[in-house]
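1. My questions concern the predicted model and sequence given below.
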Amino acid sequence: MIYVGRRNASDTRQEASAVGGFAGMIRILIADDHAVVRQGLRHVLASEHDIEISGEASNAQELFDLLRKKSWDVVVLDISLPGLSGLEVLKELKQKWPKLPVVIFTMHYEDHFGLRAMRAGAAGYLTKDRPPIDLIKAIRKVVTGGRYVSSSLAEQLEGQTVAENEQTLHQMLSDREFQVLRLISSGKTVTEVAQELSLSVKTVSTYRARILQKLGYRTTAELIQYAIRNQLTL
């Protein structure tokens, strides 16, 4: 665990990494609500002599509990967590442990969440359909202070791509509003969205009303059409 203004073992290892490689075993904390994914990652990384998965969390509470108890070198974080979304978790994590690198590992393609994640402080972004070696490369790169993204996402981060006017509308949404928009536009009812996100129906209805207002629409059908045009559906 890394505390601002306090030197610890993780700080020392990161300083050593700046002068030619990471010193010692890279300790990974995985946050993913699917046990099969966590087990699969353990299998993938088992043969790597310099990487070990030394902690697992299935939700935000478990993740923050582990972060407070031990020191970690990299967090591998899924966006789709129960309760708090992965992006909300990422923002809170970076506020409390700003030096701790986070690699987003998710099924959501980068054109949906990549830019948001990197702006929120992620050091890397990979989709779960990428070869295992890519995750290994990402872990080794971010732990030495680097950033691991695709060339297209790097261009967006550098401001080299300009979105069409309509495509910028959903950028005004909060991370939770954007998540609700994608779920609703994929055919889920307000009740189903509430169950999936562990929220009340009233809260999801409030998010839906805010989305309609920000995008300038009046009906769910219009939201669905907007999402389809901009390839935002799940």
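-> Here it is on my side, so go on.

2. Tell me how this protein divides into domains.
-> 9-157, 166-229 (automatic domain parsing).

3. Can you lay out those domains as a markdown table showing mean pLDDT and mean neighbour count?
-> No exception for glycine: its C-beta is placed from N, CA and C like everyone else's. Listed next are the domains of the chain as a markdown table, based on pLDDT from 0 to 100; neighbours: other Cβ atoms under 10 Å:
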| stretch | mean pLDDT | mean neighbour count |
| --- | --- | --- |
| domain 9-157 | 84 | 18 |
| domain 166-229 | 86 | 16 |
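
4. and the residue nearest to Leu212 when sequence neighbours are not counted, backbone torsions?
-> Once flanking residues are discounted, Leu212 sits nearest to Arg218: 6.4 Å by Cβ to Cβ, 6 or more residues apart in numbering. Phi and psi for Arg218, reported as degrees, to the nearest 10, are phi -120, psi -20.

5. contacting residues around the nearest residue to Gly121 once chain neighbours are set aside?
-> Leaving aside its chain neighbours, Gly121 sits nearest to Lys94 (3.6 Å; criterion: Cβ to Cβ, 6+ apart). Taking Cβ atoms under 8 Å, 6 or more residues apart in numbering, we find Lys94 in contact with 100, 102, 120-121.

6. between the residues you listed, which is closest to Ser185?
-> Among the contacts of Lys94, Ala120 lies closest to Ser185 (Cβ to Cβ), at 22.3 Å.

7. Against Val102, how distant is Pro132?
-> For Pro132, the distance to Val102 equals 19 Å [Cβ to Cβ, to the nearest Å].

8. Please enumerate the strands of this protein.
-> 26-31, 51-57, 74-77, 102-106, 124-127 (DSSP state E).

9. is it possible to export the ones you listed to TSV including distance to Val37?
-> Formatted as TSV, the strands of the chain follow (distance: least, Cβ to Cβ, whole Å):
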stretch	distance to Val37
strand 26-31	8
strand 51-57	10
strand 74-77	10
strand 102-106	8
strand 124-127	13
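
10. Return the longest helix in the protein, judged by number of residues.
-> As assigned by DSSP state H, the longest helix anywhere in the chain is helix 201-215.

11. Who are the contact partners of Met172?
-> Lys214.

12. meant to ask about Arg38
-> Arg38 neighbours (Cβ under 8 Å, 6+ apart): 30, 32, 53, 56, 58.

13. Quick check: closest non-adjacent residue to the second one.
-> With sequence-adjacent residues excluded and distances taken as Cβ to Cβ, 6+ apart, Asp32 is closest to Asp78, at 4.3 Å.

14. next one: the last one
-> In space, and not counting its chain neighbours, Ser58 is closest to Asp33: 5.0 Å by Cβ to Cβ, 6+ apart.

15. Do I have it right that that neighbour meets Ser80?
-> Yes. Between Asp33 and Ser80 a contact is recorded at 7.0 Å, counting by Cβ atoms under 8 Å.

16. need the helices for this structure, in chain order.
-> Under DSSP H, the chain gives helices at 9-17, 35-45, 60-69, 86-96, 110-119, 132-142, 151-157, 175-185, 190-197, 201-215, 220-229.

17. how about JSON lines for those, with distance to Leu169 added?
-> What follows is the helices of the chain, written out as JSON lines (distance: least, Cβ to Cβ, whole Å):
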{"stretch": "helix 9-17", "distance to Leu169": "39"}
{"stretch": "helix 35-45", "distance to Leu169": "33"}
{"stretch": "helix 60-69", "distance to Leu169": "28"}
{"stretch": "helix 86-96", "distance to Leu169": "18"}
{"stretch": "helix 110-119", "distance to Leu169": "14"}
{"stretch": "helix 132-142", "distance to Leu169": "31"}
{"stretch": "helix 151-157", "distance to Leu169": "17"}
{"stretch": "helix 175-185", "distance to Leu169": "10"}
{"stretch": "helix 190-197", "distance to Leu169": "20"}
{"stretch": "helix 201-215", "distance to Leu169": "5"}
{"stretch": "helix 220-229", "distance to Leu169": "8"}
